[in-house]
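Enquirer: Provided below for reference: sequence and predicted model.
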Amino acid sequence: MEDVLEVYHLPYDPAYPVVCMDESCKQMIGEVREPIPCAPGRAERIDDEYVRNGVAEIFMEVEPLAGKRHVAVTERRTRKDWAWQIKEMLDERYPKAIKVRLVMDNLNTHSIASFYETFEPQEARRLAQRLEIHYTPKHGSWLNMAEIELSVLKGQCLNGWKPCTVKRNS
């Protein structure tokens, strides 16, 4: 825990940014029956039955001291998906950084070995050399600021979200 707290106390340095990363899944559901729209004095009626349309994986990056966030949505959460997310982060969002100080949980996909399973050895080594990894302790993932951001995103923006159509009388 002390390691992560020390990283959070470091001063802002664009050459060595502190970036927190986490991921979560969001179940995609659809209606089996069309909801009955609301009317004066009556709330919209929605059936409890739903159809499961798979899940979407949400990757969240947060650079707290710069106020930056990046969200990516993928179909899966594999070692290769994680490796591609890190490559994009390093090459597209932090190309000038010497090293990114990455705070994340100790999930089995979150390792340098994932680079070697995904890329040629030279590319895997290049990516690994640009990272300084700081793992949150077991049962201490709440220390990861990206987890907090994901919780807010899912609670305030994605809970109960569904596409809707507004019908207006002409």
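Expert: Nice, I can see it. It should be emphasised that the depicted structure is a prediction, and the values quoted were computed from it without experimental measurement. Numbers count the residues shown, from 1 in each chain.

Enquirer: hey, where'd the helices end up in the chain?
Expert: For the chain, the helices defined by DSSP state H cover 2-8, 79-88, 112-118, 121-129, 145-152.

Enquirer: Including distance to Val103, could those helices go into CSV?
Expert: Just so you know, the C-beta spots here come from the backbone N, C-alpha and C atoms, and that holds for glycine as well. Converted to CSV, the helices of the chain look like this (distance: least, C-beta to C-beta, whole Å):
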stretch, distance to Val103
helix 2-8, 6
helix 79-88, 13
helix 112-118, 16
helix 121-129, 17
helix 145-152, 7
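
Enquirer: Please convert these to a markdown table, extending it with mean neighbour count, mean pLDDT and distance to Leu65.
Expert: Converted to a markdown table, the helices of the chain look like this (neighbours: other C-beta atoms under 10 Å; pLDDT from 0 to 100; distance: least, C-beta to C-beta, whole Å):
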| stretch | mean neighbour count | mean pLDDT | distance to Leu65 |
| --- | --- | --- | --- |
| helix 2-8 | 13 | 80 | 9 |
| helix 79-88 | 20 | 91 | 20 |
| helix 112-118 | 18 | 92 | 25 |
| helix 121-129 | 14 | 96 | 23 |
| helix 145-152 | 18 | 66 | 10 |
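
Enquirer: what about those helices, which gets the closest to Glu31?
Expert: Within the helices of the chain, the stretch nearest Glu31 is helix 145-152; the backing value is 25.7 Å (C-beta to C-beta).
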